[in-house]
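Asks: Here is my input, please return the structure:
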Amino acid sequence: MQVLIVDDEPHAQIALTNIVAHRREVEAVDTANDALEALHKLTHRSFDVLLLDMPEVSRIKLLDQLTELGRHLPSVVFVTPYQQHSLAASNKHAVEYVLKPFSNERIEEALDTVFRRSAGEQASSLLETLPHLQRLFQQKSEKIAIKAAGRILFIDPDDLVSVHAEGNYVLLQADARSHLLRASISSIAKKLRPYGFLQIHRSVLVNASFVEEIQPLPTGEYALRIKGGKKYTVTRTYKSNLKDLAVCWIGFD
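Replies: All right, here's what the predicted structure looks like:
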């Protein structure tokens with residue numbers, strides 16, 4: 001974290017700097033002697049924590065100016081000798097306040113509070129951002145390019161239902177149309193596996209998102225039904241692939 005110490009007392013600046021600099025959470029520490037210097041630094045650089053000692057009117061005005069400028073407002077610790085003003089000030093701007101003369105332990109306690117709050121705010125911000133990131137991810141186009149009949153077609157992998165081997169060719173079956181390509185079923189299986197395609201027979205791949213039901217057969221094989229009612233036989237060689245149809249299996253030993 002980036003920390004700015006604003007204090008016109010050199011000894012207090014040095015003492016605070018020594019305490020803050022030893023914290024593992026702190027990446028850099030800077031100092032300012034007054035509100036003008038602090039405002040200049042805060043408008044040209046981003047700080048996470050502000051340790052602030054100046055007259056109450058000046059410090060409140062400083063923070064209000066930052067807000068008006070649209071600048072990120074750091075977590076504030078007021079370090080003040082004026083006990084009568086501390087509580088009122090902290091209600092408006094501060095995460096913590098420390099009375100002068102301060103001890104190392106009291107500054108450490110205040111920093112603990114600030115860093116816990118910062119970590120909590122970051123986690124909260126991440127939780128708020130996640131739905132947006134998920135929407136962006138869902139909207140991202142992941143097309144499959146198919147070279148067929150002298151053209152390159154771009155199709156959505158979710159539109160593909162199954163793939164069938166046809167001699168030296170494979171037939172990619174989509175909802176609306178099919179595509180016949182010169183390729184091996186094994187090479188297509190490797191390319192489509194990241195998109196949820198499972199091999200259930202030496203000559204058949206299916207899109208797991210279309211599978212609605214499987215049923216064990218007396219032969220040790222499985223009957224598999226996809227949306228629309230079409231059925232396939234899952235041979236014993238490939239039945240272990242069925243585990244990828246679901247992330248959770250309930251009611252099984």
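Asks: Now do the contacts for residue 113.
Replies: 95, 96 (C-beta atoms under 8 Å, 6 or more residues apart in numbering). Glycine gets a C-beta too; all of them are placed from N, C-alpha and C.
Asks: can you check residue 79 too?
Replies: 7, 12, 16, 51, 52, 53, 97, 98, 100, 102, 107.
Asks: what do you get if the cut-off is 6 Å, keeping everything else the same?
Replies: 51, 53, 98 (C-beta atoms under 6 Å, 6 or more residues apart in numbering).
Asks: ditto for residue 188
Replies: 163, 170.
Asks: ok, and the closest non-adjacent residue to residue 143?
Replies: For residue 143, ignoring the flanking residues on the chain, the nearest one in space by C-beta to C-beta, 6 or more residues apart in numbering is residue 154 at 4.2 Å.
Asks: Check which residues of the strand or helix carrying that neighbour are buried.
Replies: Secondary structure assigned from DSSP states H and E places residue 154 in strand 151-155. Neighbour counts over strand 151-155 (16 or more other C-beta atoms under 10 Å) mark residue 155 as buried.
Asks: how about the next helix or strand after that strand as CSV, C-alpha atoms only?
Replies: Downstream of strand 151-155, the first helix or strand assigned by DSSP H and E is strand 160-166. The C-alpha trace of strand 160-166 is given here as CSV (Å, rounded to 0.1, in the frame of the first residue of the first chain):
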residue,chain,number,x,y,z
LEU,A,160,-22.9,-28.2,-32.7
VAL,A,161,-24.8,-31.3,-31.5
SER,A,162,-22.6,-34.2,-32.6
VAL,A,163,-19.8,-35.3,-34.8
HIS,A,164,-19.8,-38.6,-36.8
ALA,A,165,-17.0,-40.4,-38.6
GLU,A,166,-17.8,-41.1,-42.3
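Asks: got any ranges where the stretch 51-200 of the chain has weak pLDDT?
Replies: Residue ranges of the stretch 51-200 of the chain with pLDDT under 70: 54-60, 67-72, 82-94, 118-141.
Asks: can you give me the strands for the stretch 151-253 of the chain?
Replies: Counting by DSSP state E, counting those that start in this stretch, residue ranges of the strands within the stretch 151-253 of the chain are 151-155, 160-166, 169-174, 178-182, 197-201, 204-207, 211-216, 222-226, 231-234.
Asks: which of those strands is buried the deepest?
Replies: Mean neighbour counts were taken over these using mean count of other C-beta atoms under 10 Å, and the top value, a mean of 24, falls to strand 204-207.
Asks: so what strands line up beside that strand?
Replies: According to DSSP bridges, strand 204-207 forms sheet pairs with strand 160-166 (antiparallel), strand 197-201 (antiparallel).
Asks: roughly how far is it from the heart of the chain?
Replies: Mean-position distance between strand 204-207 and its chain equals 32 Å (C-alpha atoms, centre = their mean, to the nearest Å).
Asks: ok, now stretch 167-186?
Replies: Averaging C-alpha positions (C-alpha atoms, centre = their mean) puts stretch 167-186 37 Å from its chain's average.
Asks: Stretch 38-58 now?
Replies: That offset, for stretch 38-58, works out to 30 Å (C-alpha atoms, centre = their mean).
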